[in-house]
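Colleague: output the structure for:
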Amino acid sequence: MSWLFRKSKPFKIRSFGESKKYGVAVKNLKELLKKGCEFLQVPPTGAQVCLYEDGTVVTEAFFSTLDDNTELVLLSPGQTWSRVVCDIGQLLNADRHADRLIDAARDLLFEEKSSKRRKILSDLVRNLDDRSELESREDDQDWFTGVNDRFKTKSAYMKSNCQSRIRSYLKAVCEATSSAEVAKVRAEQLKADFTEMLKDANYNGGYFDRTEQESERLCTREGWFTCQGAFDETACRSLHSINPYGSREGRIMFSTWNLDHRIEKKRAIIPTLLRALQHPKSINLDYFYQLLFTRENLKLVHVVCHKKEAHGLLCSEERIFSREAGQSKPKRRRT
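Modeller: Down below sits the predicted model:
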């Protein structure tokens with residue numbers, strides 16, 4: 001029981017994920033855990049202490065070798081400590097120091113010779129130099145470089161960008177039906193119906209418009225888009241993300257992202273639609289509209305996740321034709 005007569009030693013302790021540290025004076029590891037858990041409000045069951053410097057777990061024998069004011073971290077079960085991860089996390093959260101960090105990274109970049117380090121520094125500058133909170137052309141003129149003068153806000157341009165993509169899908173349908181051996185009257189009516197349906201939905205431009213309601217857009221309110229993964233995957237393995245609202249470079253890079261048809265437009269949807277036009281039955285316009293123009297069949301993907309090979313997915317034969325003969329064009333709902 002000689003530990004009862006030991007002199008208390010001062011330590012600096014913090015909880016996992018917190019940058020603020022507190023001073024405690026204790027005689028042994030047991031007392032350290034007790035005081036630390038009470039002070040930092042960490043459940044005591046399974047808690048342990050490690051060195052802030054390198055994550056080494058503190059045992060009773062190791063405790064006696066520690067210097068005064070050693071920095072420690074209190075961990076709950078399942079938590080592991082890495083100072084590098086912590087420092088990166090603090091760096092990413094250092095919004096109030098962003099300008100100084102950008103300047104420092106640019107200075108280092110100017111002198112750096114290593115290609116790998118230049119890539120890291122340039123990515124750091126690009127991600128920290130985020131002006132996504134600015135919306136108008138007047139406030140962020142650099143973002144609008146090369147953008148038509150008719151666009152006064154970022155959201156208006158991004159909405160138009162999405163509408164252009166959707167219009168290109170309609171154009172593909174129009175060109176295919178014009179060149180194919182199908183009933184021209186039915187083909188013209190099909191194009192007219194699709195055009196009206198798209199106009200009612202504002203060409204689904206809200207997918208890229210951060211000012212839209214959450215159910216309408218593919219991005220956060222701040223403008224961040226997340227890759228939805230390849231057509232045959234449920235999520236992006238590489239966790240790709242981008243904010244085209246943040247900088248001109250981000251806006252340009254976003255043009256390489258794709259709205260990918262899971263059931264392919266050229267290989268599956270349009271050929272099926274052309275066959276349906278040759279049949280006397282009434283076509284299920286709503287089904288083809290969803291496949292061609294909506295998120296029901298579209299996935300936003302980084303160019304790396306856009307698989308060019310055949311998807312091998314087919315249209316549903318049961319949904320090609322309307323169940324009621326002579327069914328009129330369905331009323332459009334926003335998608």
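
Colleague: top helix in the protein by residue count?
Modeller: Assignment by DSSP state H gives helix 154-179 as the longest helix of the chain.

Colleague: what's the following helix or strand after that helix?
Modeller: Using DSSP states H and E, the helix or strand that follows helix 154-179 in sequence is helix 184-200.

Colleague: can you list contacts of that next one?
Modeller: 166-167, 170, 173-174, 177-178, 180, 204, 273, 277, 283, 285, 289, 292-293, 329-330, 332 (C-beta atoms under 8 Å, 6 or more residues apart in numbering). Heads up, the C-betas are built off the backbone N, CA and C, glycines and all.

Colleague: just the buried members of those residues?
Modeller: Among the contacts of helix 184-200, those classed as buried by 16 or more other C-beta atoms under 10 Å are 166, 170, 173-174, 177, 180, 204, 273, 277, 283, 285, 289, 292-293, 332.

Colleague: am I right that Leu74 is in a strand?
Modeller: Yes - looking at Leu74 with DSSP: H, G, I helix; E, B strand; the rest coil, it is inside a strand.

Colleague: and the residue lying closest to it once chain neighbours are set aside, its phi and psi?
Modeller: Leaving out its chain neighbours, the residue that sits closest to Leu74 by C-beta to C-beta, 6 or more residues apart in numbering is Gly36, at 4.6 Å. Backbone torsions for Gly36, taken as degrees, to the nearest 10, come to phi -60, psi -40.

Colleague: Gly36 and Ile13 touch, don't they?
Modeller: Yes - taking C-beta atoms under 8 Å as the definition, Gly36 is a contact partner of Ile13 at 5.3 Å.

Colleague: in stretch 212-232, what's buried?
Modeller: Applying 16+ other C-beta under 10 Å to stretch 212-232 flags 212, 216-219, 223-231 as buried.

Colleague: next step: the residues you listed restricted to strands.
Modeller: Residues of the buried residues of stretch 212-232 located in strands (DSSP state E): 225-226.

Colleague: show me which pair in the buried residues of stretch 212-232 is furthest apart.
Modeller: Glu212 and Ala230 (25.8 Å; C-beta to C-beta).

Colleague: circling back to that earlier point, shared neighbours of Gly36 and Ile13, which are they?
Modeller: 24, 49, 72, 74.

Colleague: just put those in JSON lines and tack on neighbour count and pLDDT.
Modeller: JSON lines is the format used below for these (neighbours: other C-beta atoms under 10 Å; pLDDT from 0 to 100):
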{"residue": "Val24", "neighbour count": "18", "pLDDT": "92"}
{"residue": "Val49", "neighbour count": "23", "pLDDT": "93"}
{"residue": "Leu72", "neighbour count": "22", "pLDDT": "93"}
{"residue": "Leu74", "neighbour count": "23", "pLDDT": "92"}
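
Colleague: mind putting those into TSV with distance to Glu60?
Modeller: Below are the shared contacts of Gly36 and Ile13 laid out as TSV (distance: C-beta to C-beta, whole Å):
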residue	distance to Glu60
Val24	17
Val49	11
Leu72	14
Leu74	16
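
Colleague: which of those residues lies closest to Thr256?
Modeller: Closest approach to Thr256 among those (C-beta to C-beta): Leu74, at 44.9 Å.

Colleague: now do the domain split for the chain, please.
Modeller: Following the assignment in automatic domain parsing, the chain carries domains at 2-86, 94-128, 154-319.

Colleague: for the ones you listed, could you give me CSV that also reports distance to Gly146?
Modeller: Shown next, in CSV, are these (distance: least, C-beta to C-beta, whole Å):
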stretch, distance to Gly146
domain 2-86, 39
domain 94-128, 18
domain 154-319, 8
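
Colleague: ranking these by burial, who's on top?
Modeller: domain 154-319 (a mean of 17; mean count of other C-beta atoms under 10 Å).

Colleague: leaving out chain neighbours, which residue sits closest to Asp130?
Modeller: Nearest to Asp130 is Gly246, by C-beta to C-beta, 6+ apart, at 4.2 Å.

Colleague: enumerate every residue touching that neighbour.
Modeller: Per C-beta under 8 Å, 6+ apart, neighbours of Gly246: 129-132, 223.

Colleague: can I get these in TSV with distance to Thr45 and pLDDT?
Modeller: Below are these laid out as TSV (distance: C-beta to C-beta, whole Å; pLDDT from 0 to 100):
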residue	distance to Thr45	pLDDT
Asp129	45	66
Asp130	41	80
Arg131	47	87
Ser132	43	92
Gly223	43	95
